[in-house]
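Peer 1: here is my input; please provide its structure:
(one chain, ligands or ions: 1)
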Amino acid sequence: MLCQIICKSARVAVVTFAVSYCATATADATAIWQSTEEALAKTVLEQSNVVSDFIKLIDDNFISTTDLRLEELKVTIGNDRVPHANVDATELRLPYRYFTNAIQSHAELEESREAALERAIDTVEFTLYHLFGHLIASDNSADSDDIAESVSSWLMIKGFSNGGEQWFSNALAFGRASQLLDGPLEDYWHEHSLYKSRQNTINCWILGSAPKRYSNLLKPVLEPEKRTRHCIAEWNKLDSDMQTLLRDNVRSDSSLITR
Ligand SMILES: [Zn+2]
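Peer 2: Coordinates of the predicted model:
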């Protein structure tokens, strides 16, 4: 089976990740790459830098522990049935079909093909960070979704200067796509569909992380000051919880942790 692997190399001076290809069955490989749809998905995903930015974020901020070899983290985009975290291999696996499925869903919602592609990329990014949360939880089941939601939101909001805006866009894109259940990935969409309360939780974290910055991004409410106070407290709790949960996994010079 041919798959594209974007893998973290051991820490070396310049190269922090490499794109490589592995082929263990030529016949399968031929069949896979004959699909123009998947070839397009591969090109668009590579150009979006969603995976390479994620790998760099992990590389810059995380170290390996006995339980979790994050310095060997791999993201594989290939032929799986559904997205999942392979805890034993420290690997996040996303099917190309997941991306093409997201494009189809957003094509029903967006006016232009370009917009549908952008939203599909946001959907994949949301899922990639979510899977990292499942890796941290060492559990792919829906029972660990609260942890996955917390870890992924904290990492994106705190890890990037525009993380709040991006996470808002990602969660919205994922929530919309998951409403349009379709195809073989229906199980994943269904299990992970973002209910309104969950979306509100994410938006509250974003607002609480930088209230002045994000007050225009989120819809006005009747009591904005009360909401802001509440969301600041919610963000501070998330930040504290995540720093405790991930303390052993984060590099000593990482800005994610207050030492
Ligand atoms: Zn999940």
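Peer 1: need the contact list for residue 177.
Peer 2: Counting by CB atoms under 8 Å, 6 or more residues apart in numbering, residue 177 touches 102, 105, 106, 119, 120, 123, 189. Placement of C-beta: from N, CA and C, glycine included.
Peer 1: which strand or helix spans it?
Peer 2: helix 163-179 (DSSP states H and E).
Peer 1: give the next helix or strand downstream of that helix.
Peer 2: Taking DSSP H and E, what comes next after helix 163-179 is helix 186-192.
Peer 1: for the helix or strand following that following helix, name the packing helices and strands.
Peer 2: For helix 186-192, the following helix or strand on the C-terminal side (DSSP H and E) is helix 196-209. Applying 3 or more CB pairs under 8 Å, 6 or more residues apart in numbering; DSSP states H and E, one finds that helix 196-209 contacts helix 145-159, helix 163-179, helix 224-246.
Peer 1: end to end on stretch 153-166, go ahead and measure it.
Peer 2: Stretch 153-166 has an end-to-end distance of 10 Å (CA to CA, to the nearest Å).
Peer 1: who in the protein is up against the ion?
Peer 2: Within reach of the ion by CB under 5 Å from the ion, the chain has these residues: 145, 148.
Peer 1: okay, now the unreliable bits of the chain?
Peer 2: Scanning the chain for pLDDT under 70 picks out 1-35, 181-186.
Peer 1: how about 50 then?
Peer 2: 1-34 (pLDDT under 50).
Peer 1: in the helix holding residue 177, what counts as buried?
Peer 2: Buried residues in helix 163-179, counting neighbours by 16 or more other CB atoms under 10 Å, are found at 163-164, 166-178.
Peer 1: how about stretch 82-94?
Peer 2: In stretch 82-94, counting by 16+ other CB under 10 Å, buried: 82, 83, 84, 85, 86, 87, 90, 91, 92, 93, 94.
Peer 1: redo those residues as CSV? Include distance to residue 140.
Peer 2: Output for the buried residues of stretch 82-94, formatted as CSV (distance: CB to CB, whole Å):
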residue, distance to residue 140
82, 9
83, 9
84, 5
85, 6
86, 9
87, 8
90, 14
91, 12
92, 11
93, 10
94, 13
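Peer 1: among these, which two are most distant?
Peer 2: Using CB to CB, the pair of the buried residues of stretch 82-94 lying farthest apart is 82 and 90, separated by 18.7 Å.
Peer 1: can you tell me which helix in the chain is longest?
Peer 2: Criterion DSSP state H: the longest helix present in the chain is helix 113-137.
Peer 1: on contacts alone, who are the packing partners of that helix?
Peer 2: Helices and strands touching helix 113-137, by 3+ CB pairs under 8 Å, 6+ apart, are helix 36-48, helix 50-61, strand 84-86, strand 91-95, helix 96-107, helix 145-159, helix 163-179.
Peer 1: among these, which comes closest to residue 235?
Peer 2: Evaluated over those, closeness to residue 235 peaks at helix 145-159, with 8.1 Å, by CB to CB.
Peer 1: ok now that closest one, how far from the chain's centre?
Peer 2: With CA atoms, centre = their mean, to the nearest Å as the basis, helix 145-159 stands 9 Å off its chain's centre.
Peer 1: can we start the residue count at 140 from this point?
Peer 2: That works, and once the first residue is 140, the last one we named lands at helix 284-298.
Peer 1: what sits up against it?
Peer 2: With CB under 8 Å, 6+ apart, helix 284-298 has contacts from 196, 200, 265, 268-273, 275-276, 278, 302-303, 305-306, 309, 331, 337, 340-341, 344-345, 348, 377-378, 380-381, 384-385, 395.
Peer 1: tell me the angle it makes with helix 252-276.
Peer 2: Angle, helix 284-298 to helix 252-276, by axes from the mean of the first three to the mean of the last three CA atoms, to 10 degrees: 110 degrees.
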